[in-house]
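In: Pasting the sequence and the predicted model now:
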Amino acid sequence: VTAAGKGWFEFRFQPVYEVAFVDGEPAAVNPDMPAPVHFHNINFIDPEKGEQAYQSTDEYPALKPGMHTYAQKADGVFRFESAKMRNSPRVGQVAVFQYAGRTSPAIAVQRSENIRIENVTQYHAGAIANIFEGSKDIYIDKMAMTRRPGSGRWFSALNDATHHVDCRGDIHITNCLFEFQGDDAANIHGIYRTIDRTLGDSGLRLRLMHFQQLGVDSIHPGDTVALCSKADFQILGKAVVKTIEWLEGGEYCDVHFEAPLPKLDWPNTVAMLHEDRVDVRISHNRIQNNRARGVLVKTLGKVRIHDNYFHTPGAVVQIRIDASSWFEAGPVDDVEIFNNTFDQCKFGGWSRALFELNPAMNDPASEASVIKNVRIHHNTIIQVFQPTIAANNIENLEFFDNTITPGTGYPPWGKPAERFLFGKGVTTGRMQE
């Protein structure tokens, strides 16, 4: 950034990046892409701290078509202007331009078992770096996701470091370094599929709603599917899969079940793989200096997050279930978060709290429990932002025996008087003041 003011900044691309001026604005030239690609987000880095700038956030609204202008000036300088700009960049900060399209993950795994990734260093991936779909027993140990030394680059993976979709069995992530990736260190979730139509009394045509999930082949004969209320995610019935047939395009599949289905309000019902034989262990990792959050978990079974170091600009742990945008399932019933160090996290503009436990209810009046049995204890929290926890629709939330001290690396912000921000349907057990 060479100059800045309200609603604008000027910048010069580093010479290592090839940029074309297309349709009145700069676009990335990537040999993996058939044509130059326009940018859809900007993040700002504080190069002295080596992380996202304090209180900074995404610029997606400003990058939408018609919401901004570019001007090409002398000596390779560009000027960006938008009334939708959220950030106030400073001269000397580094603007990281991101473009849409996920072209090249480092490791992609589908319908596989007993996967071990050990002692691997990854400097870049033009997508989610490591993605696992419909797989079982995944062990990641001593992985480093980091920027290449001496490259001058301020990002590693374009998106998440690791991403697990409808996986089962063990999911163990241990002794790893995840930094500078463009999204979370780990996202573990299922998928809510909508009901397109019934097929007789024992069949359904299911639809994948998010374009990034098309073709995810994770439900098989013998699996149990849960039929859930789209309004509040409560399970209305279960059915065992007999056959499954994909339609061309990877968006729809026809599923027939072993027994007749219950009579449900199908337009307001979603289906998910019901798999509770899951053991998630995220331990002894260092998660820092990335965009957005630390760990996202949305899975049945046992989740243990312990003995990690976090320094993230957004929430350290988020449990957010929805059937309206990402369609990421599902209910959570056993999470324990302990012996971690949360070092001045939530210094950026992502998230509402250090811990976000907030199902996106389509029925905002519902007090139904979607998340159950979350215990946060014996952690060291060096705090610069309040509230500590934002939660709704959770049964038996506990927060106890944590050591909390004020951080000195940033001005404190947020709502200092509010440790807990609770919405509807929250019940608690042990809660420290």
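Out: Looks like it arrived, so ask away.
In: hmm, what's the outermost residue in this structure?
Out: Centroid-distance maximum for the chain: Ala74 at 39.2 Å, with C-alpha atoms, centre = their mean.
In: Quick check: phi and psi at it.
Out: Dihedral pair for Ala74: phi -70, psi 160, per degrees, to the nearest 10.
In: so how far is Glu10 from it?
Out: 11 Å (C-beta to C-beta, to the nearest Å). Backbone N, C-alpha and C define where each C-beta goes, glycine included.
In: Equivalent analysis for Gln234, please.
Out: Taking C-beta to C-beta, one finds Gln234 at 53 Å from Glu10.
In: Surely Phe13 and Pro26 touch.
Out: Yes: taking contacts as C-beta atoms under 8 Å, Phe13 lies within contact range of Pro26: 7.4 Å.
In: Who has more neighbours out of the two?
Out: Set side by side, Phe13 and Pro26 show more neighbours around Pro26, with 20 against 15, by other C-beta atoms under 10 Å.
In: From Ala108, how far off is Asn187?
Out: With C-beta to C-beta as the criterion, Asn187 and Ala108 are 15 Å apart.
In: With neighbour numbers in mind, choose between these two.
Out: Counting neighbours by other C-beta under 10 Å for Asn187 and for Ala108 shows that Asn187 has the greater number, 23 against 15.
In: Isn't the more buried one up against Gly294?
Out: No: judged on C-beta under 8 Å, Asn187 makes no contact with Gly294 at a distance of 10.4 Å.
In: Spit out the residues that contact Phe13 and Pro26 alike.
Out: Val19, Phe78 (C-beta atoms under 8 Å, 6 or more residues apart in numbering).
In: Can you report how many residues neighbour Val295?
Out: 27.
In: ok, longest strand in the chain?
Out: strand 235-246 (DSSP state E).
In: For whichever helix or strand comes after that strand, report the contacting residues that lie outside it.
Out: Following strand 235-246 in sequence order, the next helix or strand is strand 252-257 (DSSP states H and E). Residues outside strand 252-257 that contact it (C-beta under 8 Å, 6+ apart): 196, 199-200, 202-208, 219, 225, 239-247.
In: let's see 10 Å
Out: Strand 252-257 is contacted by residues 193, 196-197, 199-208, 214-217, 219, 221, 223-225, 238-247, 271 when judged by C-beta atoms under 10 Å, 6 or more residues apart in numbering.
In: The nearest residue to Lys73 once chain neighbours are set aside in helix, strand or coil?
Out: Once flanking residues are discounted, Lys73 sits nearest to Arg79: 6.1 Å by C-beta to C-beta, 6 or more residues apart in numbering. The local conformation at Arg79, judged by DSSP: H, G, I helix; E, B strand; the rest coil, is strand.
In: can you tell me which residues contact Arg79?
Out: Neighbours of Arg79 in contact, by C-beta under 10 Å, 6+ apart: Thr2, Ala3, Trp8, Phe9, Glu10, Phe11, Thr69, Tyr70, Ala71, Gln72, Lys73.
In: Work out the gap between the helix or strand hosting Lys372 and the centre of the chain.
Out: For Lys372, the host element (DSSP H and E) is strand 371-377. From the chain centre to the centre of strand 371-377 is a distance of 19 Å (C-alpha atoms, centre = their mean, to the nearest Å).
In: Only alpha carbons, please: show it as PDB.
Out: Output in PDB follows, covering the C-alpha atoms of strand 371-377 (Å, rounded to 0.1, in the frame of the first residue of the first chain):
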ATOM      1  CA  ILE A 371     -25.300 -28.500  20.000                       C
ATOM      2  CA  LYS A 372     -24.900 -30.600  23.200                       C
ATOM      3  CA  ASN A 373     -22.200 -31.100  25.800                       C
ATOM      4  CA  VAL A 374     -19.500 -28.600  25.100                       C
ATOM      5  CA  ARG A 375     -16.900 -28.300  27.800                       C
ATOM      6  CA  ILE A 376     -14.200 -25.600  27.700                       C
ATOM      7  CA  HIS A 377     -11.800 -25.800  30.600                       C
END
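In: quick one: average pLDDT of the helix or strand just after it?
Out: Downstream of strand 371-377, the next assigned helix or strand under DSSP H and E is strand 380-383. The average pLDDT within strand 380-383 is 98.
In: Buried ones in strand 380-383, by neighbour count?
Out: Ile381, Ile382, Gln383 (16 or more other C-beta atoms under 10 Å).
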